[in-house]
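In: Just to be clear, the model below is a prediction. Sequence and coordinates:
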Amino acid sequence: MTAVLSKVDRGRADEARPRPPRRHRLSKLDTKVSPYLFVAPFFLLFGAIGMFPLLYTAYVSLFDWEVGADEPTFIGLENYKTLFADDQFWNALFNTFSIFVLSSGPQIVVAVALAALLNENLRARTGWRMGVLLPYVASLVALTIIFGNLFGPQYGLVNDVLSAVGIGPIDWQADTFGSHIAIASMVNWRWTGYNALIVLAAMQAIPRDIYEAAVVDGASALRRFFSITLPLLKPTLIFVIVTSTIGGLQIFTEPKLFEPSGGSGGGAEHQYQTVVLYLYQSAFQGLDLGYASAIAWVLFLIIISVAGLNFFLTRRAVR
Amino acid sequence: MTNRRPSFLIYGLLGAFVLGSAFPFYWSFLVASRDNAVLTGDFTLIPGGNFFSNAMRVFDTIPFWKALANSFIVSGTVTVSVVLLSTLAGFAFAKLRFRGRGALFLFVVATLAVPTQLGIIPLYMAMAEFGWAGELEAVIVPNLVTAFGVFWMRQYLLDAVPDELVEAARMDGCSLWRTFWHVALPAARPAAAMLGVFTFMQSWNDFLWPLVVLNADNPTLQVALEKLQSGYYVDYSLVLAGTTLATVPVLIVFLVLGRQIVAGVMQGAVKG
């Protein structure tokens, strides 16, 4: 701090003495203009590379726009008409929601239980926290490939273990429900520990005297958990659900890479093709940019509505 | 709830969870250390002796070192840019008064939940237009700022820099830029470091967009791994040697910075 101040003093001594009025003008200009200059890089870049492409997607979706074709032709809402009559799109939407429900439901329950365990007075607390967070840092591509191996229908470890206890074998790739479970378990494996830490942070923010009062009143540990902890965690749980919705509805890497040498991904019968995967395939393999843009825009509206709904619910829950 | 040390049951449950968390990594190494032919059928948790030769085959099959270097260049550039521009804008939103500040910040908050990833089609057209398809610029430029970064730094700087300090610097004739550089930036260091770690990890793991614009000759690590797996016949000891090699840098980072990453998540860092 002293170094900073002495630098400032020197600067003033050099500039200020000869012409105070000019310095004053400059300083005023600085106060007025600099804040805008500071936020400008963000807004310019975010506008150009974030918002503009997203909005332009809506424009492209009104055209028959193919890679390599001469001139895109305006076709109005034709792409949307085709899309709403497209079985593959509805199938992809169903798969996306199915995988999302299979992953977020169990994940929240386990995350809360795990957070309760971590909230105990543990030895080596940070070590345990790091341990549960480990999956979060791993590369999604690497993990998907590893899980693809574990869930292999023929020699996969999961089927080996299951058949040892008399279940299966289950064809985790060809079976619709099976593939959804396999993909959901990757998502769960990656995010449960992460969400547990968020819930843990919220648990620690609950004032201790509430619990002490409950103990005095003779409430059991289980009762304290369900009557105090869980209600007070509600805003956090909704936050966790919102973020996992926004991420979950855009799931791509897992269905793309789940099956090794599975062509473009999503399964031979599209049994685990998701919306973003369908978007990717339409745009960069089908080369139909207009149609893919319609998919993107519909998904965008779905995500915004779900997130908006959740935001509304969160605000009510907080009050 | 109490100050009592918890029972062994709790340690046992946590231990099982952590083992489950670590297992896929170990499995990847296990398969990578063996001969592909041995895999079918028999199961053992003891590594074989072929990891080195499998790793060499990875280097022969994909441009691994180039992909690694590319990933470092991309994630490094993106991280520096996001941290610097977020701190600058976050400082302005937290500590400076200007017309339209409330509305502009509301815009930042509103865009937090916007899935900008869905704009990849026009982005792809633009990259083709600029001649950047296949080049690293194509994966760097679209990620130079995030709304989350600005939000995060603003929240931190609200409390981290006292208004009086900014006032004092102004009284002493410090320009706003110098106030930012000498007062706000040093104070922002803890939050900036955390933002940096998360931005780096997110960029490192990014897959959809790099897959769209990059090709097999000039990939990031994630794109290279995909190429390793997408052959007609999958040689798992080769592919999982690749995933193991790609995981090693991440694990090192986690061992070094794990404590900070845990703290960052618990302070409400956002999902990647």
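Out: Perfect, thanks for sending it.

In: Report the contact partners of residue 87.
Out: This is for chain A. Listed by CB atoms under 8 Å, 6 or more residues apart in numbering or on different chains, the contact set of A:Asp87 is empty. Every residue, glycine included, has its C-beta placed from N, CA and C.

In: was after chain B, sorry
Out: B:Thr87 touches B:Met153, B:Leu157, B:Ala184, B:Leu185, B:Ala188, B:Ala192, counting by CB under 8 Å, 6+ apart.

In: from the stretch 1-150 of chain A, which residue is nearest to chain B?
Out: Taking CB to the nearest CB, chain B has its nearest neighbour within the stretch 1-150 of chain A at A:Pro53, 3.1 Å off.

In: looking at this, that residue is in a strand?
Out: No: secondary structure of A:Pro53 (DSSP: H, G, I helix; E, B strand; the rest coil): helix, not part of a strand.

In: what about it, neighbour count?
Out: A:Pro53 has 23 neighbours, counted by other CB atoms under 10 Å in any protein chain shown.

In: Quick check: it vs B:Leu208, distance?
Out: Distance of A:Pro53 to B:Leu208, given as CB to CB, to the nearest Å: 14 Å.

In: Equivalent analysis for B:Ser237, please.
Out: Counting by CB to CB - B:Ser237 and B:Leu208 are separated by 28 Å.

In: So between these two, which is more surrounded?
Out: B:Ser237 (22 against 17).

In: That one sits in which helix or strand?
Out: Assessed by DSSP states H and E, B:Ser237 sits inside helix B:236-266.

In: Now that helix: buried residues?
Out: B:236-247, B:250-251, B:253-254, B:257-258, B:261-266 (16 or more other CB atoms under 10 Å in any protein chain shown).

In: Would you mind writing the CA trace of stretch A:92-107 as PDB?
Out: Once non-C-alpha atoms are left out, stretch A:92-107 reads as follows in PDB (Å, rounded to 0.1, in the frame of the first residue of the first chain):
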ATOM      1  CA  ALA A  92     -34.600 -36.500 -29.100                       C
ATOM      2  CA  LEU A  93     -36.600 -34.300 -26.900                       C
ATOM      3  CA  PHE A  94     -38.000 -37.300 -25.000                       C
ATOM      4  CA  ASN A  95     -34.500 -38.800 -24.600                       C
ATOM      5  CA  THR A  96     -33.100 -35.500 -23.400                       C
ATOM      6  CA  PHE A  97     -35.800 -35.100 -20.700                       C
ATOM      7  CA  SER A  98     -35.600 -38.800 -19.800                       C
ATOM      8  CA  ILE A  99     -31.900 -38.700 -19.200                       C
ATOM      9  CA  PHE A 100     -32.300 -35.400 -17.400                       C
ATOM     10  CA  VAL A 101     -34.900 -36.800 -15.000                       C
ATOM     11  CA  LEU A 102     -32.900 -40.000 -14.400                       C
ATOM     12  CA  SER A 103     -29.800 -37.900 -13.600                       C
ATOM     13  CA  SER A 104     -31.100 -35.000 -11.600                       C
ATOM     14  CA  GLY A 105     -33.600 -36.800  -9.400                       C
ATOM     15  CA  PRO A 106     -31.300 -39.400  -7.700                       C
ATOM     16  CA  GLN A 107     -28.400 -36.900  -7.800                       C
END
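
In: ok, and of the buried residues of helix B:236-266, which contact chain A?
Out: When CB under 8 Å from any CB of the partner chain is applied, the members of the buried residues of helix B:236-266 adjacent to chain A are B:236, B:239-240, B:242-243, B:246-247, B:250-251, B:253-254, B:258, B:261-262, B:265-266.

In: For A:Gln250, state which of these is nearest.
Out: Nearest to A:Gln250 among those is B:Val265, at 20.4 Å by CB to CB.

In: I'd like the distance between the nearest residue to B:Gln117 once chain neighbours are set aside and B:Gly20.
Out: Distances taken as CB to CB, 6 or more residues apart in numbering or on different chains put A:Gln250 closest to B:Gln117, at 6.2 Å, once the chain neighbours are dropped. A:Gln250 is 26 Å from B:Gly20, where distance means CB to CB.

In: Tell me how many other residues surround residue 97.
Out: You didn't pick a chain, so chain A it is. 15.

In: hm, I was asking about chain B
Out: B:Arg97 has 8 nearby residues by other CB under 10 Å.
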